[in-house]
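In: Build me a model:
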Amino acid sequence: MSPGTRAAVLGGRVLAELVRVADVDPGLLLTDFARRDPALSRRLAHVEVLFTGWGCPALDADALRRMPRLRAVVHAAGSVKRHVTEACWERGLLVSSAAAANALPVAEYTLAAILFANKRVLEAARAYRTARGPIDPLSRYPTAGNYGRTVGLVGASRVGRRVLELLRPFDLRVLVHDPYADPAELASLGGEASGLDELLGRSHVVSLHAPELPGTRRLLDASRLALMPDGATLINTARGSLVDTEALTRELVTGRLHAVLDHTEPEVLPAGSPLYDLPNVLLTPHVAGSLGGELDRLAVTAVEELERYARGVGFRYPVDRDRLAYSA
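Out: Alright, predicted model coming up:
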């Protein structure tokens, strides 16, 4: 992992647990598998498990040749797509990820965004700040509120399913679009399976939880954004590539739609982008995922997985090679 990841994720308590569970040198941090160093090569030759995090270099065939005893990869973060390569699967490595733990704060962020969006909280706060005096919310926001509103979730991923669970106490109708999900299972979680276009046309809030795949790039293009009702809100905590940024910008500049965007394409918008200043847009710098104390949850989850491996018990959160093709 990167030095910054190590500093953020492996705090003193978690590091102590890692040392208790595994034969590990706390001072060894690997950021480059290609580094040719005799001492490092000797260490790699005996590695059985890699404990990885954000910034891990790719585990390609060359890297694996240096680790003939490697049997497992335990990732203290979400997606493993950036470092787990086909060579890992061909070797038969066991892979675990803390993606389930990282899904929790993303779902919590999404829940807050949905409730605030329907209540028009951000819009009302801006109006109040501008007026610096009384405003009449009843006449200004006649359709505000969460009672009986329709929320559309695009993707029944770990995050999407957790959002479904969090929405259950509220008087909301929840539509879910996911071509791989079982409609009966979605119904048991409180959601209603829906086609994407139907979902976009019926939802007051649309929240994206689909993975970044060739088939999901610009899933919401100009024609699909046009299906969203006037005043609807788009929430993106997934990937910026799911949305045509130019088309969304055009819609937002007119004021027809609202947006809460934790991910955009490009990841950091140009300084001149109007999205920074539009009153109907909330931009956040990729903060929906684990931050601060929430990082402990990722590390604890990964250490628990490592302990399961050491006891000869299967991972609780294994990464499945076939499912990885259509997941984050």
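In: quick check, residue 197 in a strand?
Out: No: secondary structure assignment (DSSP: H, G, I helix; E, B strand; the rest coil) places residue 197 in helix, not in a strand.
In: And the pLDDT for it?
Out: What the model reports for residue 197 is a pLDDT of 98.
In: what's the answer for residue 43, then?
Out: pLDDT for residue 43: 92.
In: Next, it: phi, psi?
Out: Dihedral angles of residue 43 (phi, psi; degrees, to the nearest 10) stand at phi -70, psi -40.
In: Repeat that for residue 16.
Out: Recorded main-chain torsions at residue 16 are phi -60, psi -40, according to degrees, to the nearest 10.
In: neighbours of it, just the number please.
Out: Here the count is done by other C-beta atoms under 10 Å, and residue 16 has 13 residues near it. Every residue, glycine included, has its C-beta placed from N, CA and C.
In: got it, and residue 205?
Out: Applying other C-beta under 10 Å, we find 26 residues neighbouring residue 205.
In: Just confirm it contacts residue 115, I think it does.
Out: No: using C-beta atoms under 8 Å, residue 205 is not in contact with residue 115, being 9.2 Å away.
In: From what I see, residue 204 and residue 229 are in contact.
Out: Yes: with contact defined as C-beta under 8 Å, residue 204 counts as touching residue 229 (6.9 Å).
In: What sits closest to residue 11 if chain neighbours are left out?
Out: For residue 11, ignoring the flanking residues on the chain, the nearest one in space by C-beta to C-beta, 6 or more residues apart in numbering is residue 296 at 6.6 Å.
In: for residue 109, that is, sorry about that
Out: Taking C-beta to C-beta, 6+ apart as the measure, residue 109 lies nearest to residue 288, with 4.0 Å between them; neighbours along the chain are not counted.
In: Repeat that for residue 119.
Out: Beyond its immediate neighbours in the sequence, the residue positioned closest to residue 119 (C-beta to C-beta, 6+ apart) is residue 144, lying 5.6 Å away.
In: Could you check the pLDDT of residue 328?
Out: If you check residue 328, the pLDDT there is 63.
In: typo on my end, residue 323
Out: Per-residue confidence for residue 323 comes out at a pLDDT of 83.
In: So it belongs to a helix, correct?
Out: Yes: the assignment for residue 323 is a helix, going by three-state DSSP.
In: All the strands of the stretch 201-328 of the chain, residue numbers only.
Out: Taking DSSP state E, counting those that start in this stretch, the strands of the stretch 201-328 of the chain run over residues 205-208, 233-236, 258-261, 281-283.
In: From the chain's centroid, how far away is the least confident helix or strand in the chain by mean pLDDT?
Out: Taking mean pLDDT, DSSP states H and E as the measure, helix 321-324 is the helix or strand of the chain with the lowest mean score, a mean of 85. Relative to its chain's centre, helix 321-324 lies at 17 Å (C-alpha atoms, centre = their mean, to the nearest Å).
In: Give me the most central residue, this structure.
Out: Among the residues of the chain, the one closest to the centroid is residue 238, at 5.1 Å (C-alpha atoms, centre = their mean).
In: Leaving out chain neighbours, which residue sits closest to that one?
Out: With C-beta to C-beta, 6+ apart as the criterion, residue 238 has its nearest non-adjacent residue at 4.4 Å, and that residue is residue 208.
In: what does residue 275 give?
Out: Distances taken as C-beta to C-beta, 6+ apart place residue 281 nearest to residue 275, at 5.1 Å, with adjacent residues excluded.
In: partner residues bridging the one you found?
Out: residue 259 (DSSP bridges).
In: quick thing: my sequence starts at 327, can you match it?
Out: Okay, residue one is now 327; in that scheme the one you just asked about reads as residue 607.
In: residues contacting it?
Out: 578, 584-587, 601 (C-beta atoms under 8 Å, 6 or more residues apart in numbering).
In: swap in residue 449?
Out: Contact analysis of residue 449 by C-beta under 8 Å, 6+ apart lists 467, 584, 605-606.
In: What of residue 351?
Out: By C-beta under 8 Å, 6+ apart, the contact list for residue 351 reads residue 369.
In: Phi and psi next, for it.
Out: Backbone torsions of residue 351, given as degrees, to the nearest 10, read phi -90, psi 110.
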